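Chemist: could you look at this predicted model? Sequence included:
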Amino acid sequence: MEEGSSSEAIFESLNLSPRLFINEVLNVVDDLLDEAFNFFLQEASARLKTDRAAELSKGVSYIRDLIQLTLDQRLQKWEEYCLRFCFSVPEGFLLPEAKDSHGDDLVDLDALTDTNLDAELNSLRDMVSSVGKESAELERELRALEMQSLSSNLTSGSIDEALHLYKEHDATHMFQELTNVASEFRSRLGNLKRKMAEETQHHRADKLKVNHDYVLGLPRSKGFFGAADLKELEEYLGDIRAS
């Protein structure tokens, strides 16, 4: 949009000034840059605690000049883009003229402006809501990554501890200790089995001896056992088979 062009005339008829808007944006950027580097200089002086304040201020000023140069170049391109595309009215565009004969045919520019503002406001609200959802999702992903990092660190620590123990104890020595423990365990297990077998044999021998003495002491009738004696003998034989 060139100065004195039809686009500028149309904006002025609506009490709008694209150049004023652009200048306001540039002024806001300059103010933010000033505040940022003033804060940076204060924090640097407080944390470094150096007596060479002049050199520190000179270094900060040098960094600011570099950033200011790059920023001015970018903002200049942004200004040209806005004037050429954003605030350029299509060729042949004319504002509706008011007609005195019919009051209903007058174009209510304020109403159109309010409608556009409402639409833009709703669009901005949707964008803010979408950004909020994305921010919440990113926060959840960040927490998940933090938990994963913590778990990975714990696992790494356990592996390092195991490797440290392995290095402290020779593998051959550890294998020899395991072999000795296994041999001792087999020896004790064999002794336990042998002792249990001996106790079982002693128990059976004692039981057979008692039953044998009992049979020898049974009374006889005419060279043969009586009915009661036969019954007791059967019980005795059953006990022998069971043992």
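Modeler: On my side now, so go ahead.
Chemist: all contacts plus neighbour counts: C-alpha atoms, from now on.
Modeler: Will do.
Chemist: which parts of the chain are helices?
Modeler: For the chain, helices defined by DSSP state H occupy the ranges 6-13, 18-48, 53-81, 109-168, 171-216, 227-242.
Chemist: quick one: mean pLDDT for the longest one?
Modeler: This points to helix 109-168. Here helix 109-168 scores 74 as its mean pLDDT.
Chemist: and what of stretch 182-201?
Modeler: Stretch 182-201 carries an average pLDDT of 83.
Chemist: burial count for residue 8?
Modeler: Using other CA atoms under 10 Å, residue 8 is surrounded by 21 other residues.
Chemist: now the helices of the chain as a markdown table including distance to residue 93?
Modeler: A markdown table is the format used below for the helices of the chain (distance: least, CA to CA, whole Å):
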| stretch | distance to residue 93 |
| --- | --- |
| helix 6-13 | 9 |
| helix 18-48 | 17 |
| helix 53-81 | 20 |
| helix 109-168 | 15 |
| helix 171-216 | 90 |
| helix 227-242 | 120 |
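Chemist: to residue 91, which of those lies closest?
Modeler: Of all these, helix 6-13 sits nearest to residue 91, with 8.4 Å by CA to CA.
Chemist: returning to what we had before: please work out which of the helices of the chain is packed deepest.
Modeler: Stretch with highest mean neighbour count among those: helix 6-13 (a mean of 16; mean count of other CA atoms under 10 Å).
Chemist: quick one: that one to helix 18-48, angle?
Modeler: In terms of direction (axes from the mean of the first three to the mean of the last three CA atoms, to 10 degrees), helix 6-13 departs from helix 18-48 by 80 degrees.
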